[in-house]
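>>> sequence? don't have it. structure:
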């Protein structure tokens, strides 16, 4: 009689574990889908043809220096907590790295599966 109760409680525990795992996987899938939807939504609404932040580097606590393309000009601006300060205007000849153009022209975005596959490959090599 005790053996039957032991098997029954083990089976109940196993089914409970499977249920929790399924709920966890469901939550992960919902989170992934919501993240993809929000990224697409923000990308659609934040897309601008005339303004583009090319590069940004931190310059202290709550401060950054940004290279912004406004139309055909490149502006260097300092951004603080409550203000934006114009620093300089650069010509295209003064720029040294044009990798931001390549990202835009390729039109290929890395998917989560590709990034995860690269991570998995790196982890398997170790």
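The structure has been received and is ready for your questions. This structure is a prediction, so every number in the text was calculated from the model and none was measured. Numbers count the residues shown, from 1 in each chain.

>>> Which phi and psi values does the spatially most central residue of the chain adopt?
Nearest residue to the geometric centre of the chain (Cα atoms, centre = their mean): residue 39, 8.4 Å. Note on residue 39: backbone dihedrals following degrees, to the nearest 10 are phi -60, psi -40.

>>> and what of residue 40?
The phi/psi pair for residue 40 (degrees, to the nearest 10) is phi -60, psi -40.

>>> can you count the residues close to it?
Per other Cβ atoms under 10 Å, the neighbour tally for residue 40 reads 10. All C-beta spots, glycine's among them, are computed from the backbone N, C-alpha and C.

>>> go on, the one 4 residues further on?
Counted by other Cβ under 10 Å, the residues lying close to residue 44 total 8.

>>> Next, work out how far apart it and residue 37 are.
Computed as Cβ to Cβ, to the nearest Å, the residue 44 to residue 37 distance reads 11 Å.

>>> Check which helix or strand residue 122 maps to.
Assigning secondary structure by DSSP states H and E places residue 122 in helix 112-125.

>>> Quick one: mean pLDDT for that helix?
Mean pLDDT, helix 112-125: 79.

>>> and it, what does it pack onto?
Of the remaining helices and strands, none touches helix 112-125 by 3 or more Cβ pairs under 8 Å, 6 or more residues apart in numbering; DSSP states H and E.

>>> hmm, who's touching that helix?
32, 36 (Cβ atoms under 8 Å, 6 or more residues apart in numbering).

>>> What of stretch 31-49?
With Cβ under 8 Å, 6+ apart as the test, stretch 31-49 has contacts from residue 112.

>>> excluding its backbone neighbours, what's nearest residue 74?
In this structure, residue 74 finds its nearest non-sequential neighbour in residue 90, 4.3 Å apart by Cβ to Cβ, 6 or more residues apart in numbering.
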